[in-house]
Structures are given as structure tokens and as C-alpha cells.
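In: Give me coordinates for this.
(chains A and B)
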Amino acid sequence: GAGVSQSPSNKVTEKGKDVELRCDPISGHTALYWYRQRLGQGLEFLIYFQGNSAPDKSGLPSDRFSAERTGESVSTLTIQRTQQEDSAVYLCASSRTGTGGYEQYFGPGTRLTVT
Amino acid sequence: KNQVEQSPQSLIILEGKNCTLQCNYTVSPFSNLRWYKQDTGRGPVSLTIMTFSENTKSNGRYTATLDADTKQSSLHITASQLSDSASYICVVSIGYSTLTFGKGTMLLVSP
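Out: Coordinates of the predicted model:
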């Protein structure tokens, strides 16, 4: 079956513009995660969705960042008024549930460059 | 503060040789420890997942060990291949969403 897909694969935007990143999780996976990976750094947790529960937004770095998920399907990560420090690869992952040691499957990421 | 430290930062080995990557963590309480392989420009791919009660887990030429007492894990790669060139990331989990990622070890397998 299809894996996690993300679009666009690359995005270049001007400072101050808004961007929207999309993630299509594996069908049937109730848990969905967004991460950010800056150059040479480890992955940073941003936000977690589990079914219809309220999302865990504890990793969002500022109120310019928001994310939505429709049911147990597509998710969008929105960054408003982008800054140069937002430049990074944004990775999405999904898993069967968010409980315990279920494996996370990652998408290829969206490389965001803010000029 | 929950931390995951990996060493070495980078490593170059000859094709066919073995290598061992290290991971030390201070995350508590501990749920499970994962090793991921991340090829350049790709998302991470899971290699192993271990709970605190497991000491070792293998996946082909990859063998992970865990010492929950000393909070150390290692990933041993046997008979390395060129395709093993990647970043190897150690991840420690407290619960469903609290994953702490190491910065990774960049491995280059040279012909």
C-alpha cells in the first residue's frame, strides 16, 4: 500500500508570506505527527493528532504555527508570516495508534526555504 | 532535561567492515527506544523498537542492544554495505507523543 506522502516536496517562499504544507497519512492510521528538522539538527516534535481527540500542540514553537487534521485523514501544517529561522525540512509521520510502541512511518518531508 | 546523546557524530568505514553506534539517554520515565535510518533527502525508517525489558533486537545486519540500568543503547552493523551510508537516529519515547530524538550519527561506507 501507499506510504505517507507529503506535498510540496520543496517550497521556497519570501519572508513574511504564509505557507501550507500537506500530509497524507497511511490509510487506517489514527495517529499523525508533525516534526521539524533543521540542518544538522535532530527532529523536533511539533504536534500530534490521535483520532478525534484534541491534538497535542506542545511542540509548536510559536503562534505562527498551526495544524489541522480532517478526521483520520489529511493534515495541513500552516506557518504564518514565515521567518528565515523557519527554514527546515518538515516531516510528517503516521502510526496505527499513538499508544505505546507502534511504529511510526515517515513521509519524505517538505523542504521549506524562507528567503 | 530529557536528552539523547549519540556518538560518534560521524563515521567512515570500509565496505564489509562492522561498526557500532552509541546512544546515551537521560529520558525518564522510559517507554521504548527506537533506532531509525535516514537516507539523505528521505524520511526516517524504523530499524528496531525495544521496550525497557528487552536487551537486544535484530533486524537483518542491524542489531540493537539496550541497557536500561546505564541508559545506554548501541546499534551494531555487520558486514557493512554501501547502501548503509545514512544518518542513524536514536529516539527515546516516554509515551505516545513524547519522543526525544538524538541528532544522529552520519555513517559513510566507503568502497
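
In: How about the residue in chain B positioned nearest to chain A: what's its closest non-neighbour residue?
Out: Taking CB to the nearest CB as the measure, chain B has B:Gly43 as its residue closest to chain A, at 3.0 Å. Quick note: C-beta positions are derived from backbone N, CA and C, even for glycine. Excluding the flanking residues, the one nearest B:Gly43 by CB to CB, 6 or more residues apart in numbering or on different chains is A:Phe106, at 3.0 Å.

In: Need the pLDDT of that neighbour.
Out: At A:Phe106, the model reports a pLDDT of 92.

In: Could you confirm whether any residue of stretch A:55-64 contacts chain B?
Out: Yes: judged by CB under 8 Å from any CB of the partner chain, stretch A:55-64 and chain B are in contact via A:56, A:58.

In: Quick one: mean pLDDT for that stretch?
Out: What stretch A:55-64 shows for mean pLDDT is 91.

In: Also stretch B:99-106?
Out: For stretch B:99-106, mean pLDDT is 90.

In: Give me the distance between the two termini of it.
Out: In stretch B:99-106, first residue to last residue: 20 Å (CA to CA, to the nearest Å).

In: Let me see the residues that make contact with it.
Out: Outside of stretch B:99-106, the residues within contact range by CB atoms under 8 Å, 6 or more residues apart in numbering or on different chains are A:35, A:40-45, B:2-11, B:21, B:23, B:25, B:27, B:38, B:86-94.

In: List only buried entries from these.
Out: A:35, A:42-45, B:4, B:6, B:11, B:21, B:23, B:25, B:27, B:38, B:86-93 (16 or more other CB atoms under 10 Å in any protein chain shown).

In: A:Arg36 contacts A:Val89, doesn't it?
Out: Yes: shown here, A:Arg36 and A:Val89 form a contact pair, counting by CB atoms under 8 Å, at 7.5 Å.
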